[in-house]
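In: need coordinates for the following:
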Amino acid sequence: MDTLPSNRRLFLQALAASPLALAMGPVWAAPRPVTVVTSYPDAVIARFEAAFEAAYPEYRLNVIWRMPHDALPYLRQPGQNNVDVYWSASPRNFNSLKAEGAWQPLGIPLDGLPTVLGKTPIGDPDGYFTATELAGYGFAVNPARLGALQVAPPADWQALADPRLAGAIALPIPARVGFAPVMVDIVLQAYGWERGWALWSEIAGLSRLVDRGATFVGDEVAQGRCAVGLSIDFFVASAIANGAPIDFRYPGHGGINPGQIAITRSAPNPEGARAFARFILSRPAQALLCHPDIRKLPARPEAYALAPAGYHDPFAAAAGGAYDYDGKRGRGRLALVAHLFEACLIQPHTEVTKLWARLHRLEARSGRRDDLRRRLGAVPCSETEADRGELRALFKDRVEGDDFQSLPQVQVWREQAAQVRRAVAAELQEAGV
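Out: Residues are numbered from 1 along each chain as shown. Model prediction:
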């Protein structure tokens, strides 16, 4: 859906077609359109649109909104649908389209713009796209609800495995919510495959599931249905800007999802596209990302000197090891991880929840039971298997929302996990819980 022309634009369009404009010559020529496909909401786009057109009055933006799963086929159409710029937070799309030859070099100075944050690539080393902003994974928290539960705000993922948070964690479903597979893999890398999976099993057993539509995580927390929500800061920022009684906490083991910009190979207005990219990466535009109504993390490190006090600086945090997640390593297994999570923890979620509740009751009565924890938190796929090229290939083109149930490998995982749950349930029954 394109933006509606403003009154100023209608005036300029009418003026450009008038005899007066024709007589006055090119001074009154209508601004040339720069067509931008983006997933950013209008509240964000409007501020950058106004600032760009003030800085470059010879151009006007024609904005087309497409979520990442819709943008990919849209940009694969003949002539790339006459799009000049793709500006969005979808590293997979940028890398996939680069492999298909869909971009032309940015062709603008990129001085002062890192291509890596911690261990996560945020820009293309060949100069076809670069990060314009960064979104950090973490926790939306409701201080009042946490206080009622007598739970401190979580500083890292392990703090979520607290029985007092039962039913009070909002968990986006990884196979159905685009940003969530990386979130799962952050924990698997930070704590190790088996220990990380066991942690996810317990967190899932304490959680309420949130389906497609990640902004609902913030709603669950803001309205007090949950005390903690697992999300990206960007999805929670608008709720905070609108006065929701929630905060956002960045964990000790974090991850970054970069918003990036690229110019299409078929761009009808490459000069305007480069002007827009150059503007978005400029110091004034990067500082605008810190506006209270936007609350994004600039990709230009020096912009943080102009940020409000206490504003999260991912470059400073990365220097302390907070962003050691290896995005390049994780990229090839994200779809596999999401569907493994779906088969073992999401589809049987009711059963998983009940088993963890029973185990927590047993431990409250007779102390920690590491034997049952190891079994209930076991993963039916080793990291060696998950890193095998042939297994990854089964999931290569299966993105969020795709059907996965027919895959034989998924059926094997599902049955192995079910056998473990039956055995744990029997032992809990013998223990009297």
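In: leaving out chain neighbours, which residue sits closest to Arg60?
Out: Pro31 (4.2 Å; C-beta to C-beta, 6 or more residues apart in numbering). For every residue, glycine as well, the C-beta is placed using N, CA and C.
In: tally of neighbours for the one you found?
Out: 17 (other C-beta atoms under 10 Å).
In: wait, isn't it in contact with Glu58?
Out: Yes: using C-beta atoms under 8 Å, Pro31 is in contact with Glu58, at 5.7 Å.
In: how much space between Tyr59 and Ile108?
Out: 15 Å (C-beta to C-beta, to the nearest Å).
In: ok, Arg164 next?
Out: For Arg164, the distance to Ile108 - C-beta to C-beta - is 51 Å.
In: more neighbours: Tyr59 and Ile108, which one.
Out: Between Tyr59 and Ile108, counting by other C-beta under 10 Å, Tyr59 is the more crowded of the two (21 against 17).
In: does that one really touch Gly272, like I thought?
Out: Yes: contact criterion C-beta under 8 Å: Tyr59 and Gly272 qualify, at 4.6 Å.
In: quick one on the thing from earlier: so who does the residue nearest to Arg60 touch?
Out: Leu12, Glu53, Pro57, Glu58, Tyr59, Arg60 (C-beta atoms under 8 Å, 6 or more residues apart in numbering).
In: cool, Leu289 as well?
Out: Glu133, Lys296, Leu297, Pro298, Ala303.
In: what about the helices in the stretch 101-250 of the chain?
Out: Using DSSP state H, counting those that start in this stretch, the helices assigned to the stretch 101-250 of the chain run over residues 143-149, 180-191, 193-205, 216-222, 233-241.
In: nearest to Arg66, of those?
Out: helix 233-241 (17.0 Å; C-beta to C-beta).
In: what does the closest one contact?
Out: Contacts of helix 233-241 (C-beta under 8 Å, 6+ apart): 41, 43, 89, 135-138, 140, 214-215, 217-219, 221-222, 229, 246-248, 250, 292-297, 312.
In: sort out for me which of the residues you listed are in strands.
Out: Among the contacts of helix 233-241, the members found in strands (DSSP state E) are Ala135, Gly136, Tyr137, Gly138, Ala140, Gly229, Asp247, Phe248, Leu297.
In: the fifth one pairs with what?
Out: With DSSP bridges applied, Ala140 shows beta-bridge pairing to Gly229, Phe248.
In: got a list of what it touches?
Out: 170, 217-218, 221-222, 228-231, 236, 239, 246-248 are the contacts of Ala140 under C-beta under 8 Å, 6+ apart.
In: please apply the same query to Thr38.
Out: Neighbours of Thr38 in contact, by C-beta under 8 Å, 6+ apart: Ile45, Val63, Ile64, Trp65, Arg66, Tyr86, Trp87, Ser88.
In: against Ala239, how distant is it?
Out: Relative to Ala239, and taking C-beta to C-beta, Thr38 is found at 21 Å.
In: quick one, helices of the stretch 251-400 of the chain?
Out: So, for the stretch 251-400 of the chain - with DSSP H, counting those that start in this stretch - the helices run 270-280, 283-288, 314-319, 327-331, 334-341, 349-366, 370-376, 383-386, 389-394.
In: that older thread, what residues are shared contacts of Tyr59 and Gly272?
Out: Joint contacts of Tyr59 and Gly272 (C-beta under 8 Å, 6+ apart) are Arg32, Pro33, Val34.
In: which of the residues you listed count as buried?
Out: The neighbour count (16 or more other C-beta atoms under 10 Å) marks Val34 as buried among these.
In: now, the shared contacts of Tyr59 and Gly272 that are in strands?
Out: Arg32, Pro33, Val34.
In: flag the shaky bits of the stretch 151-300 of the chain, pLDDT-wise.
Out: Counting by pLDDT under 70, the stretch 151-300 of the chain shows low-confidence ranges at 213-215.
In: so for Phe404, what's the pLDDT?
Out: Looking at Phe404, its pLDDT is 64.
In: with Leu428 instead?
Out: Per-residue pLDDT puts Leu428 at 97.
In: look up how far Glu194 lies from it.
Out: 22 Å.
In: please identify which of those two sits among more neighbours.
Out: Leu428 (19 against 15).
In: with just CA atoms, put the strand or helix carrying the more buried one into PDB.
Out: Assigning secondary structure by DSSP states H and E places Leu428 in helix 408-430. Coordinates of each C-alpha in helix 408-430 appear next as PDB, following Å, rounded to 0.1, in the frame of the first residue of the first chain:
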ATOM      1  CA  PRO A 408       9.900 -37.400   8.100                       C
ATOM      2  CA  GLN A 409      12.700 -35.900  10.200                       C
ATOM      3  CA  VAL A 410      10.200 -33.800  12.100                       C
ATOM      4  CA  GLN A 411       8.000 -36.800  12.800                       C
ATOM      5  CA  VAL A 412      11.000 -38.600  14.300                       C
ATOM      6  CA  TRP A 413      11.800 -35.600  16.600                       C
ATOM      7  CA  ARG A 414       8.200 -35.500  17.600                       C
ATOM      8  CA  GLU A 415       8.000 -39.100  18.600                       C
ATOM      9  CA  GLN A 416      11.300 -39.100  20.400                       C
ATOM     10  CA  ALA A 417      10.200 -36.100  22.500                       C
ATOM     11  CA  ALA A 418       6.900 -37.800  23.200                       C
ATOM     12  CA  GLN A 419       8.500 -40.900  24.500                       C
ATOM     13  CA  VAL A 420      10.600 -38.800  26.900                       C
ATOM     14  CA  ARG A 421       7.500 -37.000  28.100                       C
ATOM     15  CA  ARG A 422       5.700 -40.200  28.700                       C
ATOM     16  CA  ALA A 423       8.600 -41.600  30.700                       C
ATOM     17  CA  VAL A 424       9.000 -38.400  32.800                       C
ATOM     18  CA  ALA A 425       5.200 -38.300  33.400                       C
ATOM     19  CA  ALA A 426       5.300 -41.900  34.700                       C
ATOM     20  CA  GLU A 427       8.200 -41.200  37.100                       C
ATOM     21  CA  LEU A 428       6.400 -38.000  38.400                       C
ATOM     22  CA  GLN A 429       3.300 -40.100  39.000                       C
ATOM     23  CA  GLU A 430       5.300 -42.600  41.000                       C
END
